[in-house]
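Student: just the structure for this:
(one chain, ligands or ions: 1)
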Amino acid sequence: MTNPPLRFTTAREEEFDELGELLGALFHGGFDSESWAVEKTLLEPERTLLVRDNPDLVASATAFTRELTVPGARVPAAHVSMVGVAPTHRRRGLLTEMMRRQLREVRDAGREPVAVLWASEGRIYPRFGYGLATQRLVAEADTTELRLPDPTPAEGRLRLTRAVDCRATLTRVYDEVRPDRPGWSSRGEVWWDYVLADPPAQRGGATERRAVLHEGPDGVDGYGLFRTKGEWAATGPNALTTVDEVVTGSPAAYVAMWRLLLSLDLTRRLTYRAAAVDEPLLRLVDEPRRLGATLVDGLWLRVVDLPAALAGRRYATPVDVVLEVTDDLLPENAGRWRLTGGPDGATCVPADQPAELACDVRCLGELYLGGATVGALATAGRVRELRPGALATAGPAFGWHRAPASREVF
Ligand SMILES: CC(C)(COP(=O)(O)OP(=O)(O)OC[C@H]1O[C@@H](n2cnc3c(N)ncnc32)[C@H](O)[C@@H]1OP(=O)(O)O)[C@@H](O)C(=O)NCCC(=O)NCCS
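Tutor: Residues are numbered from 1 along each chain as shown. This is a model prediction of the structure:
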């Protein structure tokens, strides 16, 4: 007997709950009914690919339509998520086929020059041309050992409230800060629903999410979202503060926010899983090693439309370089490209001249937000210098004045 072929379809809304069940099983929980009720509102059916082995749903991949901040600009980016293959059907090429179809669709639609995702495991996506574009620090701090400089009158006023009660303010501050933060994504209404959703099942015994707002001379210019979990040790209070995000538009707001978060009465520990690699806190506290920071992955980025992507960001220094790029999955990206530009903008066109640097498309994903350096990729043997001196002249252009970071996992 031969098996009927697997069916690839775009999702219908009535299939969403079945998708939630598949993902709940694949990710070992984490999609409780209250969380899924919010998450499914993010789904765009026409961008959601399902695979059925009739009647069972056996694989999925979706993309969300959002904008991504890149050095000096913002570009539309396919935000890829909910990727999974049932254990009964894994290692038979289903992920490979879904990635192939999805990248082809994004490319052919012509709207999004890049795709981004969070990976459950780092070794899954490089074969599809995704490069590690942002990293983050997970801080597990011993707050008893951390001091900040003394407060100054310029630090303004802090207010404590429930996060859900100040949504409009959070949205405004986030939108003011976002254009300057490579790696951050736009948040429409459904995304704020998602970010502020606070199902009790996901709190791990901690309080509901609180917000601290900083009021500067012109109104609220920063916020922090956090929760706390009480604990009493034999030796006394030992509560934990968990910070979800800190978004500030002024140094006064940043310093005041962290002063409060690091010193809440009865707390002795703080966890922050979304610190930037160049988190200013490292430059502020008197004992940086007590922040207990561990470097981990952030966003993975795939250059889908090479000339549009490279022309879509700005460059830290003037650049004029010919790149030789390989791309097995999207051959339109392969070949020689001349990138010319600088801090005010860039162009990228097919080149006749000899190539000066050579790499695969995955390297461009790593460089795109300014997270990796060309020098590091060259030392790793992944960028090749074909014209002596090209690394030193072109390399600095791909950097940026701040490290890229990432916010909510999607
Ligand atoms: C990760 C997952 C989607 C892979 O799906 P799949 O259909 O088995 O993948 P494919 O059969 O297309 O595999 C393609 C290649 O990637 C490799 N691969 C796939 N998943 C891998 C993993 N987790 N670790 C290492 N290699 C992996 C395969 O071995 C295969 O390599 P090969 O071509 O050299 O033989 C699936 O195992 C899964 O759903 N895991 C749990 C949920 C998850 O982690 N999803 C990703 C969320 S970001």
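Student: isn't E18 right up against L57?
Tutor: Yes. Using Cβ atoms under 8 Å, E18 and L57 qualify as a contacting pair, with a distance of 5.1 Å. Placement of C-beta: from N, CA and C, glycine included.
Student: more neighbours, the two?
Tutor: Here E18 and L57 are set side by side on neighbour count (other Cβ atoms under 10 Å), and the busier one is L57, at 19 against 16.
Student: phi, psi for the more buried one please.
Tutor: Dihedral angles phi and psi of L57 (degrees, to the nearest 10) take the values phi -80, psi 120.
Student: what's near enough to touch it?
Tutor: L57 makes contact with E15, E18, L19, L22, L50, V51, A86, according to Cβ atoms under 8 Å, 6 or more residues apart in numbering.
Student: give me the subset of those lying in helices.
Tutor: Among the contacts of L57, the residues falling in helices (DSSP state H) are E18, L19, L22.
Student: which of those lies closest to the ligand?
Tutor: Nearest to the ligand among the ones in helices among the contacts of L57 is L22, at 9.1 Å by Cβ to the nearest ligand atom.
Student: need the longest helix for the protein.
Tutor: Identified as the longest helix of the chain according to DSSP H is helix 94-109.
Student: what's that helix in contact with?
Tutor: Contacts of helix 94-109 (Cβ under 8 Å, 6+ apart): 6, 8, 49, 51, 58-61, 63, 78, 80, 83, 85, 112, 115, 124-125, 127-129, 302, 304-305, 329-330, 332.
Student: okay, the contacts of L57 in JSON lines with distance to A197 and pLDDT next?
Tutor: Putting the contacts of L57 into JSON lines (distance: Cβ to Cβ, whole Å; pLDDT from 0 to 100) gives the following:
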{"residue": "E15", "distance to A197": "22", "pLDDT": "97"}
{"residue": "E18", "distance to A197": "21", "pLDDT": "97"}
{"residue": "L19", "distance to A197": "18", "pLDDT": "97"}
{"residue": "L22", "distance to A197": "21", "pLDDT": "97"}
{"residue": "L50", "distance to A197": "24", "pLDDT": "98"}
{"residue": "V51", "distance to A197": "28", "pLDDT": "98"}
{"residue": "A86", "distance to A197": "26", "pLDDT": "98"}
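Student: distance to the ligand added to those, as TSV?
Tutor: Output for those, formatted as TSV (distance: Cβ to the nearest ligand atom, whole Å):
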residue	distance to the ligand
E15	18
E18	16
L19	13
L22	9
L50	13
V51	9
A86	7
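Student: closest one of the residues you listed to V409?
Tutor: Each of the contacts of L57 was scored against V409 by Cβ to Cβ, and L19 proved nearest at 17.8 Å.
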